[in-house]
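A.B. asks: I'll drop the sequence and a predicted model, then ask my questions.
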Amino acid sequence: MPLPLAVLISGSGSNLQSILDRIASGAVDARIVLVVSNDPGAYGLTRAAERGIATQVIAHGLFSSRDEYDQALLDAVTAAGARAVVLAGFMRILGPRFVRSFPQRILNIHPALLPSFAGTHGARDAAAYGVKLSGCTVHFVDEEMDHGPVVIQAAVAAEASDTAETLAARILALEHRIYPQAVAWLAAGRLRVEGRKVHLAQARATLAEAPPGAAYLVNPPLEQGF
Ligand code: GRF
């Protein structure tokens, strides 16, 4: 049975779109039962509505504490029947009440190679630092920001000429490939967490098989359909 997912967004929702597209193509065995945004103006709400997916705005400003906000999120996600939660550009930190309700069932994507450049501006900070490689990370969410066990990472070259925008765009293109892949693995029950390590069952290839000089590196390697 497809895994019922709630997706939490704050903005454009291009990662949400990439997951929707891979569900539609049959590569991800999941069903999005609810999209929640903390921002009523998030374009991702329109993307969801266009696909006939239920949406809800839960504006953090209306709550007097993070705990109350967390409870409202939890109520919405639980009422929708979600069995896992995907954070796709969701710009709020989830508190312990929420995180503990979905142990190893919440994924986040971060536009940098964690643990480097955690925080709100991962791609911008990496470009400003002048790194030669950056990328993106999908990880399980724990109670610390941008910290939980890593599911998949993709590395891209960064150039001295890169601005925050050019690097972020290159990274975003890979986000759209690794996030649906990670969700597919979660939905298929192929991820097992042991401390900080995430084990992928039936891994089909190893990074050593990547062609030399590839424009990007993804580990574990992407499978067919991603
Ligand atoms: C992505 O870069 C994501 O990594 C970051 O916020 C951006 C969201 O983009 N957390 P979108 O809303 O999915 O288009």
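C.D. replies: Right, received. Where do you want to start?
A.B. asks: Please count neighbours and contacts with C-alpha atoms only from this point.
C.D. replies: Fine.
A.B. asks: Spell out which parts of the chain neighbour the ligand.
C.D. replies: Gly11, Ser12, Gly13, Ser14, Asn15, Leu16, Ala88, Gly89, Ile109, His110, Pro111, Leu172 (Cα under 6 Å from any ligand atom).
A.B. asks: Output those residues as a markdown table; include the columns neighbour count.
C.D. replies: Putting the residues of the chain next to the ligand into a markdown table (neighbours: other Cα atoms under 10 Å) gives the following:
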| residue | neighbour count |
| --- | --- |
| Gly11 | 19 |
| Ser12 | 17 |
| Gly13 | 24 |
| Ser14 | 19 |
| Asn15 | 25 |
| Leu16 | 25 |
| Ala88 | 27 |
| Gly89 | 23 |
| Ile109 | 26 |
| His110 | 26 |
| Pro111 | 29 |
| Leu172 | 19 |
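A.B. asks: of these, closest to Ala59?
C.D. replies: Distances from Ala59 to the residues of the chain next to the ligand, taken as Cα to Cα, are shortest for Gly11 (12.9 Å).
A.B. asks: Nearest residue to that closest one in space, please, no chain neighbours.
C.D. replies: Ala42 (4.4 Å; Cα to Cα, 6 or more residues apart in numbering).
A.B. asks: Over to Asp125?
C.D. replies: Leaving aside its chain neighbours, Asp125 sits nearest to Phe117 (6.4 Å; criterion: Cα to Cα, 6+ apart).
A.B. asks: what does Asp162 give?
C.D. replies: Closest to Asp162 by Cα to Cα, 6+ apart is Ala127, at 6.5 Å.
A.B. asks: lowest average confidence, helix or strand, in this protein?
C.D. replies: Ranked by mean pLDDT, DSSP states H and E, the helix or strand of the chain with the weakest confidence is strand 216-219, at a mean of 86.
A.B. asks: And it, what does it pack against?
C.D. replies: Identification of packing neighbours for strand 216-219 by 3 or more Cα pairs under 8 Å, 6 or more residues apart in numbering; DSSP states H and E yields strand 150-157.
A.B. asks: and the strand it packs on, what other elements does it pack with?
C.D. replies: Using 3+ Cα pairs under 8 Å, 6+ apart: strand 150-157 touches strand 133-140, helix 164-187, strand 197-200, strand 216-219.
A.B. asks: With only the CA atoms kept, save that strand in PDB.
C.D. replies: Presented in PDB, the C-alpha positions along strand 150-157 are these (Å, rounded to 0.1, in the frame of the first residue of the first chain):
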ATOM      1  CA  VAL A 150      22.000  11.100   6.700                       C
ATOM      2  CA  VAL A 151      20.100   9.100   4.100                       C
ATOM      3  CA  ILE A 152      21.700  10.400   0.900                       C
ATOM      4  CA  GLN A 153      24.000  13.200  -0.200                       C
ATOM      5  CA  ALA A 154      24.800  14.700  -3.600                       C
ATOM      6  CA  ALA A 155      27.900  16.700  -4.300                       C
ATOM      7  CA  VAL A 156      28.300  19.300  -7.000                       C
ATOM      8  CA  ALA A 157      31.300  21.500  -8.000                       C
END
